[in-house]
Every structure is written in structure tokens, then in C-alpha cells.
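Undergrad: just need the structure, nothing else, for what follows:
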Amino acid sequence: MKIILFDNKHKVAMQPLSFTRPQAAIRCGILTIKEKWEYHLGTNAGYLTSEVLAAKYSGELDEDNIFISASVLPNEELIAAIKALNVGEAILKDGQILVVRTKELTHEEIVNDNCSSYSCIEFESDVQLLEKVFHLLPNNQEQIKKDFKLLTSGRKSRPLSETVNVVGLNKNPNLINQIFVEEGADVEHAYLNPKDGPIYIGKNAVVMEGAMLRGPIALCESSQISMGAKIYAGATIGPWSKVGGEMGNSIITGFSNKVHDGYLGDSVLGEWCNLGADTNTSNLKNDYAKVKLWDYSTERFQRTNLQFCGLMMGDYSRCAINTAFNSGTVVGVGSNIFGSGFPRNFVPSFVIGGPQGYRVNGLKAVERVATTAMGRRKVEFSEMDHDILDEVYNQTLKFRTSLK
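TA: Modelled structure (predicted):
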């Protein structure tokens, strides 16, 4: 029996992150959605995604497959229902397919939530769905806590250095159980405050001197926190990323850099992004109004119902020093932003420029920079990566037709 995480009708609304990866490869908490299901179900999972993405993100089918919506986050009730599912049965929630056990699931069934071929079971308990890219923000702190329990259960943390100051430990010795340090991690002369949530420090990660961390926080494998950094609750720093300055309630998917001073709040970055020194994101409007955000599924700005919402940046995008992003800014894939003033709130994919104007950032130029950046991490820019970017370039052409 195979576990397959399938892209669904919400994939477009998860852009710009889902331009370059399946929905299940999106990170929320410590783990990606796929990794969460693998830990809960005790087996490897595959992807059911577009043809171009499938070359990089594989998912081979068997005669008996359990297809799980990549929008749904696991919980105990749903896991129990999945384990009790028979072949030919589907689990629905408010008309939306959550799980199907069958040999093959067609694109029409996925897009239209058509389960007429199956015996349908309505799921009565609550589920958490990621249907819009900004849904990552209000869920990240809780997902860090859940993933922390999942990853550390029955395991023992590597001892902390005597130079580390654990805030509140003298009053509550049990707080030490809210900190987990994987093998190879280097943490010296830092301040860790786990009173409001756990602090996870991944394999070979580095926390430099003077850094201050207030949980819940996730520092994933081989990532780095700079000297004197201030990392607040809800921060996820994905693998092979570097962070300095201030960061709070934000997700860095992986392989991206915000090394220097500046504030990143209530934001999500993809992979291979770089924020220049003193880049700042506004996450709160001056009039305290709810933030609107560009929605690729409607191709217009939509209400998020969030008071705090900063920057959503797709893979391979970057910005120069002293860049200032307004609340609710979306930057696509492969864009390069610079110049004085605020960039507009929707920056298309594959553009270069800023408030003074934009022009096309050609595919070859983006790939050239990507090859260099990835080479520094000893990662190859592959033919599959080229094919994915080529498809995104063509998909997003319409947003570049009236550049100013």
C-alpha cells in the first residue's frame, strides 16, 4: 500500500510557493506536509503533481494506494480514520476530498472533488486545511509544537553548553525538556527562552554568540543564526538557511539567506532567496486594517482577514540592501528587486527593478544566478530545475505584459 499526497484545486492559491514544488513539499512548522504524514503513518510517501514537477518530485503508484490531500494537516482522528479505510472508500469534509483509497485518482476527481465512484465517509472532526498561502502564518507556531513532539518523542537531546543561558530554568527545571539539540549542532553563549514553546535546533545547525531565541522556534538542519540575532516565536528557519537581525512568525522554506540586520515578520520565503542587508518587511498597516494579499487563483488582491501579514516570496527571488516591503507584498519566482522606496505589493515572476520601474529578468539570467547560488551549497542546478523554471516563466508571462 502506497501513500500519495496529491495536489488539489488549492494549488494555485498556494503560489508563489507552489509554482516550483508540489503542495506537500511546502514547510509549515519544522517539517514539510509530506514529512509530517510520513512520520505519522510510519512509511515513505510520494507526490501526485503536475508532469513537470513529477520529474523531480516522484510518486509511484501501486495496486493499492491511499491518496491524501496535500492541503490537510494530520491529526489523530484523521489518522485513525485513514488506518480504518477500505479500498474504494473516500473521506470527505464539507464536500472536499481529504483521503481516497483506490488504485488511481484522476485529475477530474481531484479538481471537482468528485467521489461518485467511491463509498463516501463524512469526517465529523475538525481538520486544519492550508487553502491559501497566507494560511501558513496563523498555523506555524502550533505546527512547530506538534512537530517538536513528533520528532523528539522517546529521544534524548544533545546536552547544552554551559555557556548557554536558558531563561526561566532556575524557576522551572522542566523547561530544559522544551529544548532539543540534534547531533553536530553548535550553540554557544546564546539566550534560549522556551517558556512559551519549544526550541528545536537541527543537525549541524549553528547558533552564534549573543543570539536570543524565544520559542516556539525551529532551526532546521545545517542552518545558522547570526551573532546578536533576535528570533521570536513562530520562526521556522529551513535547512541550509542563514538568518540575522530580527525574525518572527515567519517561514524560510530552505536554502535562503537573511544574514544581516533587518526585520522579517509574518512572512514566507521559498528556496534560494536572498534578502540584502537591512531589508525590512512591514507586517502591520498604519491604520491596523486587515491586510489584502495578491491571490493567484483570482488574479486580484483578496482579504486575508489577518492583521499581521508581511512578504510572500517565491523561489530564486532576491532583493538589494535597504529594501523595504509594505505589508501584504507578494513577489513571484526569479525576481530581483532594488531601488529606493517601496516596491509595489505584487511583483511578478522574472522581473528586475523596483519602485522606479521593472523590466524582464530573463530565464537565462535567473538560471545563471541560481547555478552560482546553488553551487555554493554544493547543490546542482539540474535539467529538472530548468524545466520547472521554464514552465513558470511561460505560466507567468501575462503578469509581465504591462511592466512599468
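Undergrad: can you give me the distance of P198 to G234?
TA: 12 Å (Cβ to Cβ, to the nearest Å). (C-beta placed from N, C-alpha, C; glycine too.)
Undergrad: more crowded one of the two?
TA: Legend: neighbour count by other Cβ atoms under 10 Å for P198 and G234, higher for G234 (27 against 22).
Undergrad: which residues touch the more buried one?
TA: Listed by Cβ atoms under 8 Å, 6 or more residues apart in numbering, the contact set of G234 reads 137, 140-141, 144, 216-217, 248-250.
Undergrad: between P198 and G234, which contacts overlap?
TA: Counting by Cβ under 8 Å, 6+ apart, the residues touching both P198 and G234 are 144, 216-217.
Undergrad: you'd agree L151 is in a helix?
TA: Yes - counting by DSSP: H, G, I helix; E, B strand; the rest coil, L151 is part of a helix.
Undergrad: so it touches Y200, yeah?
TA: Yes - counting by Cβ atoms under 8 Å, L151 touches Y200, with 7.0 Å between them.
Undergrad: of those two, which one has the most company?
TA: Each of L151 and Y200 has its neighbours counted (other Cβ under 10 Å); Y200 has more, 27 against 19.
Undergrad: so what's the more buried one closest to, chain neighbours aside?
TA: Nearest residue to Y200, sequence neighbours excluded (Cβ to Cβ, 6 or more residues apart in numbering): A218, at 4.9 Å.
Undergrad: excluding its backbone neighbours, what's nearest G46?
TA: Nearest residue to G46, sequence neighbours excluded (Cβ to Cβ, 6+ apart): G59, at 2.7 Å.
Undergrad: contacting residues around that neighbour?
TA: Contact analysis of G59 by Cβ under 8 Å, 6+ apart lists 2, 4-5, 45-49.
Undergrad: what is R27 paired to in the beta sheet?
TA: Counting by DSSP bridges, R27 is bridged to T32.
Undergrad: F346 versus that one, what's the distance?
TA: R27 sits 23 Å away from F346, taking Cβ to Cβ as the criterion.
Undergrad: swap in Y47?
TA: For Y47 relative to F346 (Cβ to Cβ), the value is 28 Å.
Undergrad: on that earlier part again, among the contacts of G59, which lie within strands?
TA: 2, 4-5, 45-48 (DSSP state E).
Undergrad: packing partners of the helix or strand bottoming out on mean pLDDT in the chain?
TA: Least confident helix or strand, the chain: helix 107-112 with a mean of 84, by mean pLDDT, DSSP states H and E. Contacts defined by 3 or more Cβ pairs under 8 Å, 6 or more residues apart in numbering; DSSP states H and E place helix 107-112 against strand 96-102.
Undergrad: and the angle for the strand it packs on with strand 2-6?
TA: 150 degrees (axes from the mean of the first three to the mean of the last three Cα atoms, to 10 degrees).
Undergrad: sheet partners, orientation included, of strand 96-102?
TA: Counting by DSSP bridges, the strands paired with strand 96-102 are strand 65-69 (antiparallel), strand 89-93 (antiparallel).
Undergrad: for R318, find the nearest of these.
TA: When the strands paired with strand 96-102 are compared by Cβ to Cβ, strand 65-69 sits nearest R318, at 32.5 Å.
Undergrad: CA-only coordinates of the closest one in PDB, if you can.
TA: C-alpha atoms of strand 65-69 as PDB (Å, rounded to 0.1, in the frame of the first residue of the first chain):
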ATOM      1  CA  ASN A  65      -2.900   3.500  -2.800                       C
ATOM      2  CA  ILE A  66      -4.000   5.900  -0.100                       C
ATOM      3  CA  PHE A  67      -4.300   9.400  -1.700                       C
ATOM      4  CA  ILE A  68      -4.200  12.200   0.900                       C
ATOM      5  CA  SER A  69      -5.000  15.800   0.000                       C
END
